[in-house]
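Asks: A predicted structure for the sequence below; I have some questions about it.
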Amino acid sequence: MKEKMMTAWTKMMYPVQNEKGAQSLEWLGIAALLILVLGIISTALKGQEGTITEVITSIVSKIKGMVG
């Protein structure tokens, strides 16, 4: 019985311990998020002129409008 339990435990835990490439996927997710944020900011900045405060206020209001 003990041998069967050890075999079952090994079969269940082996896929969980195999995390090769997990860190690469995390970095790809962060890169995709960064690209998305930069795209939103560049869309919000399109055709803007004025002081930094006005630009930031305009960006925030446009992003609020895009998000809902």
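Replies: Okay, I see it.

Asks: Beyond the lengthiest helix in the chain, next helix or strand please.
Replies: Determined from DSSP state H, the single longest helix within the chain is helix 22-45. Scanning forward in sequence from helix 22-45 by DSSP states H and E, the next helix or strand is helix 52-67.

Asks: Name the residues that touch that next one?
Replies: 40, 41, 43, 44, 45, 48, 50 (Cβ atoms under 8 Å, 6 or more residues apart in numbering). All C-beta atoms are positioned from the backbone trio N, CA, C, and that covers glycine.

Asks: Please state the offset of the longest helix of the chain from the chain centre?
Replies: Computed by Cα atoms, centre = their mean, to the nearest Å, the separation of helix 22-45 from the middle of its chain amounts to 7 Å.

Asks: Now tabulate the contacts of helix 52-67 in JSON lines and tack on pLDDT.
Replies: Formatted as JSON lines, the contacts of helix 52-67 follow (pLDDT from 0 to 100):
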{"residue": "40", "pLDDT": "83"}
{"residue": "41", "pLDDT": "78"}
{"residue": "43", "pLDDT": "78"}
{"residue": "44", "pLDDT": "72"}
{"residue": "45", "pLDDT": "72"}
{"residue": "48", "pLDDT": "68"}
{"residue": "50", "pLDDT": "70"}
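
Asks: ok, back up a step: the longest helix of the chain: which residues count as buried?
Replies: The neighbour-count check on helix 22-45 (16 or more other Cβ atoms under 10 Å) flags residue 44 as buried.
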